[in-house]
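A.B. asks: next come a sequence and a model predicted from it.
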Amino acid sequence: SQQGEEDPQALSIQEGENATMNCSYKTSINNLQWYRQNSGRGLVHLILIRSNEREKHSGRLRVTLDTSKKSSSLLITASRAADTASYFCATETGAQKLVFGQGTRLTINP
Amino acid sequence: GAVVSQHPSWVICKSGTSVKIECRSLDFQATTMFWYRQFPKQSLMLMATSNEGSKATYEQGVEKDKFLINHASLTLSTLTVTSAHPEDSSFYICSARDLGRTTGELFFGEGSRLTVL
């Protein structure tokens, strides 16, 4: 079953610009994670934010979490062509399994 | 970092045959592994949770007799697609959590693309 809805489904920006992707979910969570997937490959973990955290940074990545609105955002600053990929949010509930959102296909144009 | 190896990376088979996909945690032990299915340009759908030494837990709507899961050791889980048909063609991805870490992320294999003719 799907829990997360991501917005936008696709995003195309120029290199150097910032990219923002949003994720909404339905049930209470332990944490929310963001993953990246290059075409035809496995997923790579980017960042995890716990339900009691509001913001987290990792390099050019900034993640926010608003549990009252059941939403999260991923910001990639100073985008590069190599950031082109699909990005998925995933929520973890008490069952320890991750349920993924629909994903955002990000294209960075050189 | 923790590495999950998945094999084969792609397989083509005839309708009616069975296909086995292996998922190995190379440098950590995993009592639990997760199997996902992904259609083109879509999200990952959790199929089942593989538990070492016990039966897998299947998600609603996933046929357990169709998708056989075996987790015989702390580093190996297998998914067998039995009597495969063209509608089973998909990208199958496994993942595992390194219990030696407190960070909680999943580590994914590179996926197996199954094409059933």
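C.D. replies: Nice, thanks for sending it over.
A.B. asks: for stretch B:46-63, give the mean pLDDT please.
C.D. replies: What stretch B:46-63 shows for mean pLDDT is 92.
A.B. asks: return it as PDB; C-alpha atoms alone will do.
C.D. replies: The C-alpha coordinates for stretch B:46-63 follow below in PDB (Å, rounded to 0.1, in the frame of the first residue of the first chain):
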ATOM      1  CA  LEU B  46       6.500  -3.700  -0.700                       C
ATOM      2  CA  MET B  47       5.800  -7.300  -1.500                       C
ATOM      3  CA  ALA B  48       6.900  -9.100   1.600                       C
ATOM      4  CA  THR B  49       9.100  -9.100   4.600                       C
ATOM      5  CA  SER B  50      11.600 -11.900   4.800                       C
ATOM      6  CA  ASN B  51      12.400 -13.200   8.300                       C
ATOM      7  CA  GLU B  52      15.400 -15.400   9.000                       C
ATOM      8  CA  GLY B  53      14.400 -18.800  10.100                       C
ATOM      9  CA  SER B  54      10.700 -18.200   9.800                       C
ATOM     10  CA  LYS B  55       7.900 -17.600   7.300                       C
ATOM     11  CA  ALA B  56       7.800 -14.400   5.300                       C
ATOM     12  CA  THR B  57       5.100 -11.900   5.900                       C
ATOM     13  CA  TYR B  58       3.300 -10.900   2.700                       C
ATOM     14  CA  GLU B  59       1.600  -7.700   2.000                       C
ATOM     15  CA  GLN B  60      -2.100  -7.700   1.100                       C
ATOM     16  CA  GLY B  61      -2.700  -8.800  -2.400                       C
ATOM     17  CA  VAL B  62       0.600 -10.600  -2.900                       C
ATOM     18  CA  GLU B  63       0.300 -14.300  -3.700                       C
END
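A.B. asks: give the buried residues for that stretch.
C.D. replies: B:46, B:47, B:48, B:49, B:50, B:52, B:56, B:57, B:58, B:59, B:62 (16 or more other Cβ atoms under 10 Å in any protein chain shown). Heads up, the C-betas are built off the backbone N, CA and C, glycines and all.
A.B. asks: distance from that stretch to the middle of the chain?
C.D. replies: Its chain's C-alpha centre and that of stretch B:46-63 lie 10 Å apart, by Cα atoms, centre = their mean, to the nearest Å.
A.B. asks: what sits against the residue of chain B most remote from its centre?
C.D. replies: If you look at how far each residue of chain B sits from its centre, by Cα atoms, centre = their mean, the farthest one is residue B:102, at 23.2 Å. Contacts of residue B:102 were listed using Cβ atoms under 8 Å, 6 or more residues apart in numbering or on different chains, and none were found.
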